[in-house]
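>>> Predicted structure and sequence below. I'll ask about it afterward.
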Amino acid sequence: MPKIRIAEQTDLPKIVELIKRNKEPLNENLEAVFNFESPNEKCRFFVAEKDSKIVGFSRVHIYRWNKSAYVINLLVDANYRRRGIGSLLLRTAEEFARENGARVLMFDTAIDNIPALNLYFKNGFRICGYNEKLYDNAKTALYLAKEL
Ligand SMILES: CC(C)(COP(=O)(O)OP(=O)(O)OC[C@H]1O[C@@H](n2cnc3c(N)ncnc32)[C@H](O)[C@@H]1OP(=O)(O)O)[C@@H](O)C(=O)NCCC(=O)NCCS
């Protein structure tokens with residue numbers, strides 16, 4: 001099983017490569033948010049590493065104003081899926097959220113993203129809302145949440 005650890009700045013090119021390799025959208029400058037921290041918000045990236053290769057990553061934000069945490073990204077390399085790595089990254093996100101005083105962990109995904117929905121349901125998340133305007137591809141977003 002891969003090791004999950006907090007990402008370092010030097011991991012960023014490999015994270016970008018992982019995103020591109022898996023043809024996931026890369027609409028943001030990740031450097032700008034990497035380890036971002038202010039009195040109001042904190043961002044951390046986590047990587048799943050196997051044999052010195054980054055095979056998955058997640059990005060979690062902590063919001064102080066409402067004591068919440070949000071999984072912004074969660075990606076496992078296509079060649080490494082269905083081996084529990086997504087679940088491991090999600091559990092790490094939960095731990096990080098708890099350690100930072102969050103009362104809830106949230107996430108959004110497209111209504112037709114069955115792998116992601118199953119992963120989150122299996123880990124105790126429930127649908128708490130939807131948004132028809134969130135994405136630029138006209139798909140409806142579902143919001144999921146887990147109380148910590
Ligand atoms: C969603 C994703 C992170 C899951 O990662 P993973 O490492 O394969 O997840 P796990 O192996 O921990 O799977 C846990 C459970 O999720 C569900 N699941 C995962 N992939 C699934 C699939 N293709 N179809 C149906 N259910 C699936 C299953 O319930 C699975 O448990 P099981 O294998 O015992 O049946 C991965 O598919 C991925 O990176 N997808 C592309 C990016 C994405 O959509 N990210 C989330 C939204 S941003």
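Right, received. Where do you want to start? The structure displayed is predicted, hence computed values, not measured ones.

>>> Return the residues of this structure in contact with the ligand.
24, 73-76, 81-87, 109, 113-116, 118-119, 122 (CB under 6 Å from any ligand atom). Glycine gets a C-beta too; all of them are placed from N, C-alpha and C.

>>> Let's see that with 8 Å instead.
The chain comes close to the ligand at residues 22, 24, 56, 71, 73-78, 80-90, 107, 109-110, 113-116, 118-119, 121-123, as judged by CB under 8 Å from any ligand atom.

>>> how close does Thr92 sit to the ligand?
As for Thr92, its distance to the ligand is 12 Å (criterion: CB to the nearest ligand atom, to the nearest Å).

>>> For this protein, which residue gets nearest to the ligand?
Gly86 (2.5 Å; CB to the nearest ligand atom).

>>> Which elements pack onto the one helix or strand that residue maps to?
Using DSSP states H and E, Gly86 falls within helix 85-99. Packing partners of helix 85-99 (3 or more CB pairs under 8 Å, 6 or more residues apart in numbering; DSSP states H and E): strand 3-6, strand 41-50, strand 53-63, strand 68-76, strand 104-110, helix 114-122.

>>> now with 10 Å?
Helix 85-99 is packed against strand 3-6, strand 41-50, strand 53-63, strand 68-76, strand 104-110, helix 114-122, strand 141-147, with contacts defined by 3 or more CB pairs under 10 Å, 6 or more residues apart in numbering; DSSP states H and E.

>>> Adding mean neighbour count and mean pLDDT as columns, could you present these in CSV?
Output for the helices and strands packed on helix 85-99, formatted as CSV (neighbours: other CB atoms under 10 Å; pLDDT from 0 to 100):
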stretch, mean neighbour count, mean pLDDT
strand 3-6, 13, 97
strand 41-50, 20, 97
strand 53-63, 21, 98
strand 68-76, 21, 98
strand 104-110, 20, 98
helix 114-122, 15, 98
strand 141-147, 18, 98
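
>>> how about JSON lines for those, with distance to Phe34 added?
Output for these, formatted as JSON lines (distance: least, CB to CB, whole Å):
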{"stretch": "strand 3-6", "distance to Phe34": "11"}
{"stretch": "strand 41-50", "distance to Phe34": "6"}
{"stretch": "strand 53-63", "distance to Phe34": "9"}
{"stretch": "strand 68-76", "distance to Phe34": "12"}
{"stretch": "strand 104-110", "distance to Phe34": "20"}
{"stretch": "helix 114-122", "distance to Phe34": "23"}
{"stretch": "strand 141-147", "distance to Phe34": "24"}
